[in-house]
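Asker: Fold the following.
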Amino acid sequence: MTQRSDISGAGGELGPALQCLQNAAQLGLNASVPASGNLPGNVIVSNGWKLFSVGLKSTQAGQISIQRFLDLAGTVPQGAAVTAALTAGTAAYATVGTDGLPFASVQVTVSNSGASAATLSNVQGLFQAS
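Answerer: Purely as a prediction, here's the structure:
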């Protein structure tokens, strides 16, 4: 197994699947989610990655939504958004790409159904080749 020294703290091994991690700042999810509101993340170009997942924890109940787009700017949706329920204080995730539909970019939106602002933690996005 090949060791990589440029992946600080991630073990450094190259496995059988190519992956690309996206942190909260890259996803645009490094802010609180307003009470009874939502936080739309950045439109992220997929660069040919076939699968995308995002996982996080929220201090309030709500929903994770991933919208795929056929264009790089995020203006032409590819079907309906994939959603997952958020329970306060419990990690949740959503994944797109398992249906084989193509996409050029994705955008994650986190909604908050609580009466106070939600703080997000453990935010991690992951593109995978297959």
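Asker: just for the protein, where's the confidence low?
Answerer: Applying pLDDT under 70 to the chain flags residues 1-14.
Asker: which residue is nearest the middle of it?
Answerer: The centroid of the chain falls nearest to Val54 when counting by CA atoms, centre = their mean (3.1 Å).
Asker: Pretty sure that residue sits against Thr109.
Answerer: No: using CB atoms under 8 Å as the test, Val54 is too far from Thr109 to be in contact (10.2 Å). C-beta: built from backbone N, CA, C; applies to glycine.
Asker: Overlap of the contact sets of the two?
Answerer: Both Val54 and Thr109 are contacted by Ile64, under the criterion CB atoms under 8 Å, 6 or more residues apart in numbering.
Asker: helix, strand or coil for Asn42?
Answerer: strand (DSSP: H, G, I helix; E, B strand; the rest coil).
Asker: what sits against it?
Answerer: Gln26, Leu27, Gly28, Gln107.
Asker: Just list the residues touching the third one, thanks.
Answerer: Applying CB under 8 Å, 6+ apart, we find Gly28 in contact with Leu39, Pro40, Gly41, Asn42, Val108.
Asker: show me what contacts the residue lying closest to the second one once chain neighbours are set aside?
Answerer: Spelled out, it's Pro40. Leaving out its chain neighbours, the residue that sits closest to Pro40 by CB to CB, 6 or more residues apart in numbering is Thr109, at 4.6 Å. By CB under 8 Å, 6+ apart, Thr109 lies in contact with Asn38, Leu39, Pro40, Gly41, Ile64, Ser65, Gln67, Ala81.
Asker: How about the fourth one: what's its closest non-neighbour residue?
Answerer: Across the structure, with CB to CB, 6+ apart as the measure, the residue nearest Gly41 apart from its sequence neighbours is Gly28 (3.8 Å).
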